[in-house]
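In: Can you look at this prediction? I've put the sequence above it.
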Amino acid sequence: MRSLAAALCFALVLGVGGCQWGQEEREAELAGPLLGRKIESLSLQSIDGERYSLEALEDKSAVVLAWTSLGCPMSRIYLPRLRRLAADFEGQGVQFFLINSASQDSLRAIHESAREEELGFPRVRDRGAVLARHLGVKRTTAVLVLDRQRSVVYHGAVDDQYGYRKQAEDDSLPNSVNSVATYRRDEASEHYLRDAIRQVLAGESVQTAETDPLGCALGLNWTAEAYAETFELNFHEDIEGLLQESCQGCHRKGGSAPFALTDYRNVVGWAEMIREVVSEGRMPPWNADPTIGTFKNDRRLSEEEISRVTRWVDLGLSRGDPKKAPKAMLWPEGWEIGEPDTVLTIPEFTVAAEGRVPYRYVTVAANLEGDRWVEAAQIKSTESEVVHHVLVFLKEGRGGRNREDRPWSPRWNLNTLFGHLPKRKKGEYLFRTAKYVNDLWQNTGGGLFGYFISSTPGDLPMIFPEGQARFLPAGASLTFQIHYQPLGKEVRSVTTLGLKFRDEPPGEVREVWGATSVTFKIPPGVEDHLETAKHRFQRGGKLFSLKPHMHVRGKSARYILEHLDGKMETLLNVPNYDFDWQHTYEFAEPKRVEKGETLHVQVTFDNSKANPYNPDPEKFGYFGLQADEEMLIGYFEAIWDDSLSGDAGGR
């Protein structure tokens, strides 16, 4: 009887109707194996009203069902790939369908997306997730290939270009520490869907029949109306406030995240994904070991909060009484720092729909006649989703760096990056870095010795307390380093920097410096290669934050302070470094350092095949400015003792 009900539901026109099953039937439908299952009957209706059935597609040698959702970044970035594959196999007897089973995606929104991107094959709204539940498809980016007998011969990912991998588990760390690293390869090395279709057309068995789609979890088991009763946990009283505090800074309209979590319906649609990412420590993003140091911007959820979220999902997503909801957050639409005194804008840039975009470097003249003291700064982009992070560096002539009336700052010289090497080794590294000399010969060494301002996902605008500011010298230009990440469609982005100045010099000057090495050499194939950079403090001061920086081979980072008595104190441990989440770790209380103490930054690199982000595990890894090269910088923010003494430090 249950199978008959399922068959009747499955035969519905999925673009119009839907079918509800109880928990027992739902579990039964999801229990059976998917590969090898023969689809006896299937009726679909596109969002444009056109109807399709397997019987009407009898002339097709293969049918491809590809799952998507509007908010999942993984599924969005694969749309151009699916469009190309459909075009490549046009006229060869292959029919593609794009299936949307996400309850949070309205038909209207799906139509709007279709108008923006013409795929050349039908889109289907799987209302009630009837098709997904019947087949046991649980994630976006999943694709199914049906052969001429309409048996499922492939289930999995399109290819291996984008995804995420779990790091090695560490039982000493709680679940709230991010243990998952995302990756974006320059190109795919395995073309699972393309190969499966070719093998079906050739009458061959599919060699790789199942892979992990690595997309977003679909909320298959939930409908908001059916689970609106009040249980021991409910959305408005137990969950909504937590989302406001920990998620909506990015997950809101106009935020940097790909979808909003500001209303019940949307949260219900993403509930399975929310449970997954908070349980694994992927969200909110935070990579620091909580047993070392205390940081005021720690984004982790507590174990109780994680348990609350997962239990709320397990109990059925109770909505509760809307009258008991917390007051909605009001997010500023303009400048959060107030009206800037000056705004610097870089030219518009077109971000491609897919692939890796090399770091973009753009220098803009500030055109300021006198020295300025920056008390607040904010970086904004018209398409914030595609801008992963922005670093801004000062650029000025050497004469300006040697002025006696500017704030004190540590001495730096590019020669110090190579000075500890034997002569026979210096030539190798000098030769390799020669092409970067023009970029590096800037006030902060092109980023090696610090930066002026940064903006990374989840960061708040830079607003200093009264009496503190950052020095912007007269005549300086600002170089923007922008890291773009495609989102599946071509967009044009404009980035601006707003600065607010104080009238008088502050009592304290804050600057970002860096412990740096360019003389590392990462052997090919090695999974744990240790390298160290260090900075000996030329003057005492206070540390406010730490920010490790590596590229795609980076695996872990640790900051260790060597005291004058030789005692070693670990300030920060990042056991699972993630290139896509370059956090600034802000101390709860500033850390005092003394002249003569040394900051050691120990990092490990993974240059093995086990690192899917690795551009080429068969080559050595050397220093370079682009993401496929490597860096080792331990940034730290400091206020130096007597920084306004008039001694510029001989920079």
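Out: Alright, I've got the coordinates. Numbering: from 1, shown residues only.
In: pLDDT at Glu383, what is it?
Out: With respect to pLDDT, Glu383 scores 87.
In: do the same with Ala114
Out: Here the pLDDT value assigned to Ala114 is 90.
In: For Glu333, which residues are in contact?
Out: Applying C-beta atoms under 8 Å, 6 or more residues apart in numbering to Glu333 gives the contacts Gly254. The way it works is simple: take the backbone N, C-alpha and C, and place the C-beta from them, glycine included.
In: Now with 10 Å, please.
Out: 253-254 (C-beta atoms under 10 Å, 6 or more residues apart in numbering).
In: now the one 5 residues further on
Out: Remark: with contacts taken as C-beta under 10 Å, 6+ apart, Gly338 is in contact with 332, 376, 378, 461, 463, 498, 500.
In: How many residues are close by the first one?
Out: A count of neighbours around Pro332, defined by other C-beta atoms under 10 Å, yields 10.
In: go on, the third one?
Out: Using other C-beta under 10 Å, the number of residues around Gln378 comes to 23.
In: I'd say Leu107 and Asn100 touch.
Out: Yes. Counting by C-beta atoms under 10 Å, Leu107 touches Asn100, with 9.2 Å between them.
In: related to what we said a few turns ago, and the contacts of Gly338 as TSV, adding pLDDT, distance to Tyr451 and secondary structure?
Out: Listed next are the contacts of Gly338 as TSV, based on pLDDT from 0 to 100; distance: C-beta to C-beta, whole Å; DSSP: H, G, I helix; E, B strand; the rest coil:
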residue	pLDDT	distance to Tyr451	secondary structure
Pro332	76	25	coil
Ala376	97	17	strand
Gln378	95	15	strand
Pro461	89	16	coil
Ile463	94	17	strand
Gly498	96	17	strand
Lys500	97	19	strand
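In: Looking at the residues you listed, which one is closest to Thr584?
Out: Pro461 (12.7 Å; C-beta to C-beta).
In: helix or strand for Thr291, which one?
Out: According to DSSP states H and E, Thr291 maps onto no helix or strand at all.
In: wait, doesn't it sit right on Asn573?
Out: Yes. Judged on C-beta under 10 Å, Thr291 makes contact with Asn573 at a distance of 8.0 Å.
In: Which one's more surrounded, the two?
Out: Using other C-beta under 10 Å as the criterion, Thr291 and Asn573 rank with Asn573 on top: 19 against 11.
In: need the contact list for the more buried one.
Out: By C-beta under 10 Å, 6+ apart, the residues touching Asn573 are 173, 287-293, 556-560, 602.
In: again, only this time at 7 Å
Out: Going by C-beta atoms under 7 Å, 6 or more residues apart in numbering, Asn573 touches 288-289, 292, 558.
In: most neighbours, which of those?
Out: Using other C-beta under 10 Å as the neighbour test, these are led by Ala288, with 24 neighbours.
In: in terms of contact, does it touch Pro575 like I think?
Out: No. Taking C-beta atoms under 7 Å as the definition, Ala288 is not a contact partner of Pro575, at 8.6 Å.
In: Identify the contacts common to Leu107 and Asn100.
Out: Arg125.
In: hang on, the earlier thing: give me the common contacts of Thr291 and Asn573.
Out: Common neighbours of Thr291 and Asn573, using C-beta under 7 Å, 6+ apart, do not exist here.
In: Ala114 should be in a strand, yeah?
Out: No. Secondary structure of Ala114 (DSSP: H, G, I helix; E, B strand; the rest coil): helix, not part of a strand.
In: Look up how far Arg108 lies from it.
Out: Distance, Ala114 to Arg108, by C-beta to C-beta, to the nearest Å: 11 Å.
In: Same check on Pro617?
Out: Counting by C-beta to C-beta, the gap from Pro617 to Arg108 is 46 Å.
In: of these two, who's got more company?
Out: Between Pro617 and Arg108, Pro617 has the larger neighbour count (other C-beta under 10 Å), namely 17 against 9.
In: Check which helix or strand that one maps to.
Out: Per DSSP H and E, Pro617 falls between elements, in no helix or strand.
In: any idea of the pLDDT on the residue nearest to it when sequence neighbours are not counted?
Out: Distances taken as C-beta to C-beta, 6 or more residues apart in numbering place Lys609 nearest to Pro617, at 4.8 Å, with adjacent residues excluded. Listed pLDDT for Lys609 reads 92.
In: Leu218 reaches Lys138, doesn't it?
Out: Yes. Between Leu218 and Lys138 there is a contact under C-beta under 7 Å: 5.8 Å.
In: who's more crowded, the two?
Out: Each of Leu218 and Lys138 has its neighbours counted (other C-beta under 10 Å); Leu218 has more, 27 against 20.
In: now that one: how far from Ser106?
Out: The gap separating Leu218 from Ser106 is 16 Å, by C-beta to C-beta.
In: and the closest residue to Gly219 other than its chain neighbours, helix, strand or coil?
Out: Using C-beta to C-beta, 6+ apart and skipping the chain neighbours, the partner closest in space to Gly219 is Glu272 (4.7 Å). Put simply, Glu272 is helix when judged by three-state DSSP.
In: please begin residue numbering at 57 from this point
Out: All set: I'll call the first residue 57, so the last point we hit is now Glu328.
In: wait, doesn't Glu328 sit right on Cys272?
Out: No. With contact defined as C-beta under 7 Å, Glu328 does not count as touching Cys272 (8.6 Å).
In: where's the residue positioned nearest the centre of the chain relative to Pro136, distance?
Out: Using C-alpha atoms, centre = their mean, the residue of the chain that lies closest to the mean C-alpha position is Asp636, 4.5 Å off. When distance is defined by C-beta to C-beta, Asp636 is 20 Å away from Pro136.
In: next one: Ala422
Out: From Ala422 to Pro136 the distance is 38 Å (C-beta to C-beta).
In: do Gly581 as well
Out: Going from Gly581 to Pro136 by C-beta to C-beta gives 33 Å.
In: which one of the two has more residues nearby?
Out: Taking other C-beta under 10 Å, Gly581 and Pro136 do not tie; Pro136 has more neighbours (19 against 14).
In: need the contact list for the more buried one.
Out: Going by C-beta under 7 Å, 6+ apart, Pro136 touches 409-410, 544.
In: doesn't it fall inside a helix?
Out: Yes. Residue state for Pro136 (three-state DSSP) corresponds to a helix.
In: Check what pLDDT it gets.
Out: 93.
In: residues contacting the residue nearest to Gly275?
Out: Glu328 sits next to 273-275 when contact means C-beta under 7 Å, 6+ apart.
In: Tell me where the stretch 107-256 of the chain has strands.
Out: Along the stretch 107-256 of the chain, the segments classed as strands by DSSP state E, counting those that start in this stretch run 107-109, 118-124, 150-156, 179-181, 199-202, 208-212, 218-222, 236-240.
In: Nearest approach to Thr640 belongs to which of the ones you listed?
Out: Using C-beta to C-beta, the strands of the stretch 107-256 of the chain put strand 236-240 closest to Thr640, at 18.6 Å.
In: pLDDT on the closest one, on average?
Out: In this model, strand 236-240 has a mean pLDDT of 71.
In: Ok, stretch 368-383 next?
Out: The pLDDT scores in stretch 368-383 average 90.
In: Please point out which parts of that stretch sit buried.
Out: Buried residues in stretch 368-383, counted by 16 or more other C-beta atoms under 10 Å: 368-369, 372-376, 381.
In: same question, stretch 212-221
Out: Under 16+ other C-beta under 10 Å, the buried positions of stretch 212-221 are 212-220.
In: Next: stretch 91-111.
Out: Under the neighbour-count criterion of 16+ other C-beta under 10 Å, stretch 91-111 has 93, 95, 98-103, 108, 110 buried.
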